[in-house]
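Novice: Got a predicted model here, sequence first, then my questions.
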Amino acid sequence: LKKIQGGAKDNAIPRACRIEFGYSQDPLAVISELIKNIKREYAQSDEDLDIVINKIADSDSFFDEKSSRDLIKALFILPNGVIKKSPDIKDLVLTSLNVGIIDTITEKVEVTISLRSALNSELEYLKDRITALLEGYMFKVAGDSFYPPFERVKDSKMREIMKEVVFDVYQKELLVADTH
């Protein structure tokens, strides 16, 4: 691995990623088949998926093979997406996470992971789980900032006041929806 860059915002699923890597033998036959399979698999959900292979100039600045493999393995098994849904409200996501930004800076790769949950205990659990995983590969984990949990209040006085205000002003019922 020489370089990896993807994502522009920490709280969004990356739209694109660029990876530069070296190889000792011509990998185009293997990569061409892999690209064909990936495009077929994502034809319905990501019809605009674009994978481009370009040869770049030779360089000395590659990560060693072990570090490259460890990074790939860690990213592969890193939890991502919906982790927990509400047992009370159909399809309401309580806890999720995603890799938002990944970037090679000088001789290290920085990965920004966005953790979200309505429950503080879930945030702590995810933080501990990710830390254990990454430290197991000898990666340094830094940062304690994440979106504060906002636990749903079942009998919210504020929600009831808002319903009344909207009805008084617009003569319409307020549509109340829970989102993540």
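Specialist: In hand now; what should we look at?
Novice: Does anything pack onto the helix ranked longest in the chain? Which helices or strands?
Specialist: What stands out as the longest helix in the chain, according to DSSP state H, is helix 120-136. For helix 120-136, the helices and strands in contact under the criterion 3 or more Cβ pairs under 8 Å, 6 or more residues apart in numbering; DSSP states H and E are helix 65-77, strand 81-85, strand 93-105, strand 108-117. (Glycine included, C-beta is placed from N, CA and C.)
Novice: contacts for the third one?
Specialist: Defining contact as Cβ atoms under 8 Å, 6 or more residues apart in numbering, one finds that strand 93-105 is touched by 2-14, 17, 75, 78-86, 109-119, 122-123, 126, 130, 180.
Novice: quick one, it and strand 81-85 angle?
Specialist: 160 degrees (axes from the mean of the first three to the mean of the last three Cα atoms, to 10 degrees).
Novice: The last one too?
Specialist: Counting by the same axes, to 10 degrees, strand 108-117 points 30 degrees away from the direction of strand 81-85.
Novice: what does strand 108-117 contact?
Specialist: In this structure, residues lying in contact with strand 108-117 by Cβ under 8 Å, 6+ apart are 4, 7, 10-12, 63, 71, 75, 78, 83-84, 94-104, 123, 126-127, 130, 146-147, 149, 180.
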